[in-house]
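Asker: here's my sequence, what's the structure:
(one chain, ligands or ions: 1)
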Amino acid sequence: MSQAILQQLQQLRQQLEEYSYQYYVLDNPTVPDAEYDRLYRQLQQLETEHPQLITSDSPTQRVGAAPLAKFGQVSHSIPMLSLDNAFDAADFSAFYKRMAERLDNSAEFSFCCEPKLDGLAVSIRYENGILVQAATRGDGYTGEDITSNVKTIRAVPLKLKGKALPAVLEVRGEVFMPLAGFTQMNDRARAAGEKVFANPRNAAAGSLRQLDPKISAQRPLMFYAYAVGAVDDPQGLLSSQSHYQRLMQLKDWGLPVCPEIRLVSGAEQALAYYQDILQRRSQLAYEIDGVVIKVSDLAQQQALGFVARAPRWAIAFKFPAQEMLTTLLDVEFQV
Ligand code: NAD
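Answerer: Residues are numbered from 1 along each chain as shown. Next up is the predicted model:
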């Protein structure tokens, strides 16, 4: 094995670890996402060529970063994973082919198509309809306890609607800052001579991970649910059929679900959804960095399963990069 490859692998891993730490733990990215993604793909490519050199602590095997010590820790009994990425139609078609082959080329797919909200993944636990805990994704297995902060988000119900509810329902979704609130908040900060946030994602992360929930309460945060985690549902209330149906149930129970979500049939319609959202991106009230396309049928999801850090049945189909390194580096961050 060439020494040069080993060295290249090590350098890429170190660099990506450092960027991840700045991004996830310090909420203070130092390079644009596109640059991170480029290095990540380079690492993935090298590892594909030399699978014997994959280490269990490689960034390709992990999700996010370890939680900050200052918050209490919450362990996720069902891990909060990441998503595989597609950057163009060829990547998407490879994703589709891989799934079709695994299901003997006989399956038809319904896809739940969702905007990929640019915020922070959180898991909110309801027991008999009452919000009891909220946590960040952290490294996917252990997150930070941000219950008090999440309770200040007005869109998040403290109590679910409906008489019959699962005994335990973990709702997963994205906390983000809508653009109007972000602009207003930064205008006010600028007028008062205070620091401004670089972008809405950074603002949402900084707001949610405040140790003082009174500060979080003043921040215009929003939440959309997009998945279900651990469930204890002896009455079988939650749909066992499809992801889309589950999201509609969450909505009935009072949880906000993104109104742009659509159920479509087949790859062509999923691609059309991507194009449509890409075109309307600048008119949306929040920032997104792509769409997420998920196989909706839960039996198919189960048959497809997971790889190291992501499900095989979903893909984040990213939009072309928008942000520039200069804008990221020019603006001071507030954490
Ligand atoms: P990801 O952002 O590619 O996808 C997973 C995340 O998507 C989920 O955790 C969730 O928060 C979010 N999401 C939004 N809408 C969703 C929906 N409808 N359904 C499911 N999930 C949804 O993966 P990641 O592991 O969070 O992060 C990797 C990305 O983060 C990279 O691609 C890179 O762009 C960025 N990153 C940047 C830096 C940097 O230094 N700039 C460092 C690390 C990571």
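
Asker: so where does residue 8 fall, helix or strand?
Answerer: helix 3-20 (DSSP states H and E).

Asker: just the CA coordinates for that helix, please, in PDB.
Answerer: The C-alpha atoms that make up helix 3-20 are tabulated as PDB, following Å, rounded to 0.1, in the frame of the first residue of the first chain:
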ATOM      1  CA  GLN A   3       2.400   5.600   1.900                       C
ATOM      2  CA  ALA A   4       1.100   8.500  -0.100                       C
ATOM      3  CA  ILE A   5      -2.500   7.200   0.000                       C
ATOM      4  CA  LEU A   6      -2.300   6.600   3.700                       C
ATOM      5  CA  GLN A   7      -1.100  10.100   4.200                       C
ATOM      6  CA  GLN A   8      -3.800  11.600   2.000                       C
ATOM      7  CA  LEU A   9      -6.500   9.700   3.800                       C
ATOM      8  CA  GLN A  10      -5.200  10.900   7.100                       C
ATOM      9  CA  GLN A  11      -5.000  14.500   6.000                       C
ATOM     10  CA  LEU A  12      -8.500  14.400   4.600                       C
ATOM     11  CA  ARG A  13      -9.900  12.900   7.800                       C
ATOM     12  CA  GLN A  14      -8.100  15.400  10.000                       C
ATOM     13  CA  GLN A  15      -9.300  18.400   7.900                       C
ATOM     14  CA  LEU A  16     -12.900  17.100   7.800                       C
ATOM     15  CA  GLU A  17     -12.900  16.500  11.600                       C
ATOM     16  CA  GLU A  18     -11.700  20.000  12.200                       C
ATOM     17  CA  TYR A  19     -14.400  21.500   9.900                       C
ATOM     18  CA  SER A  20     -17.100  19.400  11.500                       C
END
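
Asker: now it: mean pLDDT?
Answerer: Averaged over helix 3-20, pLDDT sits at 94.

Asker: please point out which parts of it sit buried.
Answerer: Buried residues in helix 3-20, defined by neighbour count with 16 or more other C-beta atoms under 10 Å: 9, 12, 13, 15, 16, 19, 20. Placement of C-beta: from N, CA and C, glycine included.

Asker: mind listing what the first one touches?
Answerer: Under the criterion of C-beta atoms under 8 Å, 6 or more residues apart in numbering, the contact partners of residue 9 comprise 43, 46, 47, 50, 53.

Asker: from the ligand, how far off is residue 315?
Answerer: The gap separating residue 315 from the ligand is 10 Å, by C-beta to the nearest ligand atom, to the nearest Å.

Asker: isn't that residue up against residue 95?
Answerer: Yes. Taking contacts as C-beta atoms under 8 Å, residue 315 lies within contact range of residue 95: 4.7 Å.

Asker: now do the shared contacts for these two.
Answerer: 84, 86.

Asker: can I get the contacts of residue 9 in CSV with pLDDT, distance to residue 132 and secondary structure?
Answerer: As requested, the contacts of residue 9 are arranged in CSV below (pLDDT from 0 to 100; distance: C-beta to C-beta, whole Å; DSSP: H, G, I helix; E, B strand; the rest coil):
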residue, pLDDT, distance to residue 132, secondary structure
43, 96, 39, helix
46, 96, 44, helix
47, 94, 40, helix
50, 95, 46, coil
53, 93, 44, helix
